[in-house]
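Undergrad: Okay, here's the prediction I keep looking at, along with the sequence it came from:
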Amino acid sequence: MSVRKIIPSVPEVGREAVIVLAGALLAALVIGQLPGVRAWIKRQWDGAQPPGAT
């Protein structure tokens, strides 16, 4: 197996990054429009320790 087949090219990495960012943005927009989902997420994270907190 060639190393070139294992490591993705720069355009492939860029395309995947755009897809992931677009999905995250779309999810944020949908969650912002659905108060029930937003409240459920707040309940799930209620009491969670922020990173670095002791």
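TA: Done, it's in.
Undergrad: Identify the residue nearest the geometric centre of the chain.
TA: By C-alpha atoms, centre = their mean, the chain has its centre lying nearest to Ala24, at 4.8 Å.
Undergrad: ok, that residue - contacts?
TA: Listed by C-beta atoms under 8 Å, 6 or more residues apart in numbering, Ala24 has no contact partners. In short, each C-beta sits where N, CA and C put it, glycine included.
Undergrad: average pLDDT across the helix or strand where it lies?
TA: Ala24 is part of helix 10-33, with elements assigned from DSSP states H and E. The predicted model gives helix 10-33 an average pLDDT of 95.
Undergrad: Only alpha carbons, please: show it as CSV.
TA: In CSV, the C-alpha atoms belonging to helix 10-33 read as follows (Å, rounded to 0.1, in the frame of the first residue of the first chain):
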residue,chain,number,x,y,z
VAL,A,10,-4.8,19.1,0.7
PRO,A,11,-8.0,19.6,-1.4
GLU,A,12,-9.5,16.5,0.2
VAL,A,13,-8.7,17.8,3.8
GLY,A,14,-10.1,21.2,2.9
ARG,A,15,-13.3,19.7,1.4
GLU,A,16,-13.9,17.7,4.6
ALA,A,17,-13.2,20.7,6.8
VAL,A,18,-15.8,22.7,4.9
ILE,A,19,-18.3,19.9,5.2
VAL,A,20,-17.7,19.6,9.0
LEU,A,21,-18.0,23.4,9.6
ALA,A,22,-21.1,23.6,7.4
GLY,A,23,-22.7,20.8,9.4
ALA,A,24,-21.9,22.4,12.7
LEU,A,25,-23.3,25.8,11.5
LEU,A,26,-26.5,24.1,10.3
ALA,A,27,-26.9,22.2,13.6
ALA,A,28,-26.4,25.5,15.6
LEU,A,29,-29.0,27.2,13.4
VAL,A,30,-31.5,24.4,13.8
ILE,A,31,-31.0,24.2,17.6
GLY,A,32,-31.4,27.9,17.9
GLN,A,33,-34.9,27.7,16.2
